[in-house]
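> build me a model from this:
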Amino acid sequence: MQFIEQYVRSVEHLEIILLLGRNPEKAFSVEDVYQEIMSTRDSVQGWLDEMVSGNLAVCNAGALSTYQIASVNTAQFEMVQKLGAFYKAYPVRVIEAIYRPRKPQTDPAQDFADAFRIRKN
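Numbering: from 1, shown residues only. Purely as a prediction, here's the structure:
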């Protein structure tokens, strides 16, 4: 659940994460991912860029940029593998988790400081 809340924004995004996770040694172009996912090229590009900025994927820049799952963080890579298996067995539960309202991101230090704030009545 925590992985989904932190990294997965839509079912399309999940499908891209799982595609790259199933083939960690393969470098995918945007067109390769588009051919598998069949959404839009712009959307695929956006999700891949978000994965790179979130350290879920790496971009191999060149004449044609390619993307691979970031397998440097083994715990994160293992979580992608587990999520793939769980999604295969329980797709509805995973989809519900993706679209469940998310808790707003808060700063624990600020929450602690706010607890001592004096409020006027």
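> ranking helices and strands of this protein by mean pLDDT, which lands last?
Least confident helix or strand, the chain: helix 108-115 with a mean of 69, by mean pLDDT, DSSP states H and E.
> the residue nearest to residue 26 when sequence neighbours are not counted pairs with what?
Distances taken as CB to CB, 6 or more residues apart in numbering place residue 68 nearest to residue 26, at 7.0 Å, with adjacent residues excluded. For the C-beta atoms, the positions are set from N, CA and C on the backbone; glycine is no exception. Beta-bridge pairing for residue 68 (DSSP bridges): residue 58.
> heads up, I number from 564, so please use that
That works, and once the first residue is 564, the last one we named lands at residue 631.
> which ones are touching residue 631?
For residue 631, the contacting residues are 583, 587, 588, 589, 590, 591, 620, 621, 623, by CB atoms under 8 Å, 6 or more residues apart in numbering.
> with residue 597 instead?
603, 604, 607.
> most neighbours among the contacts of residue 631, which one is it?
Scoring the contacts of residue 631 on neighbours with other CB atoms under 10 Å, the highest-scoring entry is residue 583 at 25 neighbours.
> in the helix of greatest length in the chain, which residues are buried?
With secondary structure taken from DSSP state H, the chain has its longest helix at helix 637-652. Judged by neighbour count (16 or more other CB atoms under 10 Å), helix 637-652 contains these buried residues: 639, 640, 642, 643, 646, 647, 650.
> tell me the average confidence for that helix?
For helix 637-652, the mean pLDDT works out to 91.
> same deal with stretch 604-623?
94.
> list the contacts of that stretch.
Contacts with stretch 604-623, where a contact means CB under 8 Å, 6+ apart, come from 570, 572, 575-576, 579-580, 583, 590, 593-594, 596-597, 600, 628-633, 636, 639, 643.
> report the backbone C-alpha coordinates of stretch 567-582 in PDB.
Presented in PDB, the C-alpha positions along stretch 567-582 are these (Å, rounded to 0.1, in the frame of the first residue of the first chain):
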ATOM      1  CA  ILE A 567       1.300   2.400  -4.300                       C
ATOM      2  CA  GLU A 568       0.700   5.600  -2.400                       C
ATOM      3  CA  GLN A 569       4.200   6.900  -3.000                       C
ATOM      4  CA  TYR A 570       4.700   5.900  -6.600                       C
ATOM      5  CA  VAL A 571       1.600   4.800  -8.500                       C
ATOM      6  CA  ARG A 572      -0.800   7.500  -9.900                       C
ATOM      7  CA  SER A 573      -3.000   5.500 -12.300                       C
ATOM      8  CA  VAL A 574      -3.500   2.100 -13.800                       C
ATOM      9  CA  GLU A 575      -1.700   3.200 -16.900                       C
ATOM     10  CA  HIS A 576       1.300   4.200 -14.700                       C
ATOM     11  CA  LEU A 577       1.100   0.900 -12.900                       C
ATOM     12  CA  GLU A 578       1.200  -1.000 -16.300                       C
ATOM     13  CA  ILE A 579       4.300   0.900 -17.300                       C
ATOM     14  CA  ILE A 580       6.000   0.300 -14.000                       C
ATOM     15  CA  LEU A 581       5.200  -3.400 -14.200                       C
ATOM     16  CA  LEU A 582       6.300  -3.600 -17.900                       C
END
